[in-house]
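**Q** Using only what follows, build the 3D model:
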Amino acid sequence: MTMSQNLTESEALDLERFRLSRISESIKSVSIALVIDELIKGMNKLGIKADRLPNKEEMVVMYKSVIEEYPNLKVGELSLAFDLAAKGKLDMEAETYQNFSMLYLHRILRSFARYGMQKLSEMKPKQEESKWQPRVVLDDEKVALALECYKKFKQWDNIVFGIDSFKILYNRGVLKFNSVEIVKEVKELMTAKMMKSNPHAKQDIRALLEDDDYMEHQCYRLVLSKYFDSL
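**A** So this is what the prediction gives:
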């Protein structure tokens, strides 16, 4: 491999770490226990204390979500993503406020994907960038996985493929809802959650309440959960 000639020593080291991470084992070829262990180590890097870690069932949901959406991700890449996030080297806010969620996990992985594409462009010859793309999951598969996730955990705000499933079902014309009422209910539910949270989590939720994109997605999830409840 030939590296770009204008890299600093630190940049060259980051590039080499990225290259080595890409030749590690795929997450789908190792045990669920190993992947969850990497998730726990990653959360520890971000300062999540033991008593604030997601529970076993939440870890399994995170594992399934990563396998489904990033089937070509390597174990080394998963570890490196957390390491880079903890060091502030990804294009995202690294503060967790001691509250690690599925949303935060996917922010890390999406940011790492962008980081990876940049690093691939610095490697000569370019390695197979197409392998970085997630496997295409069929619409019916997404809806089935979302329904399975919701039935098992009953968490309206944390449904695997929740956004995609809403859009799929909305386009099929099967979702009936009043948008004004949904927005009001989402705000009430999130405010109630905020009131029960610790000070750091309250700050995080308060910021999310001001995030229009996030709130729109939460509305999608709530509509989807109500549809699933009606089945």
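
**Q** contacts and neighbour counts: CA atoms only from here.
**A** Will do.

**Q** so who does S65 touch?
**A** Contact partners of S65, counting by Cα atoms under 8 Å, 6 or more residues apart in numbering, are V160.

**Q** Now do it against E216, distance only.
**A** 21 Å (Cα to Cα, to the nearest Å).

**Q** if you go through this structure in chain order, where are the strands?
**A** Taking DSSP state E to define them, one finds strands in the chain at 2-3, 123-124.

**Q** where along the protein do the helices fall?
**A** 9-21, 32-45, 56-69, 75-86, 102-121, 139-153, 162-171, 179-196, 199-209, 212-230 (DSSP state H).

**Q** Run through the neighbouring helices and strands of the shortest one.
**A** Going back to what we said before, that points to helix 162-171. Here helix 162-171 touches helix 139-153, helix 212-230, going by 3 or more Cα pairs under 8 Å, 6 or more residues apart in numbering; DSSP states H and E.

**Q** how much distance is there from it to the middle of the chain?
**A** 18 Å (Cα atoms, centre = their mean, to the nearest Å).

**Q** Which pLDDT does the model give the residue sitting nearest the centre point of the chain?
**A** What sits nearest the mean C-alpha location of the chain, by Cα atoms, centre = their mean, is H106, with 1.5 Å. Model confidence at H106, given as pLDDT, is 84.

**Q** Excluding sequence neighbours, find me the nearest residue to L222.
**A** Distances taken as Cα to Cα, 6 or more residues apart in numbering place W156 nearest to L222, at 5.7 Å, with adjacent residues excluded.

**Q** hang on, the earlier thing: rank the strands of the chain by mean pLDDT and give me the bottom one.
**A** Ranked by mean pLDDT, the strands of the chain end with strand 2-3 at the bottom, a mean of 42.
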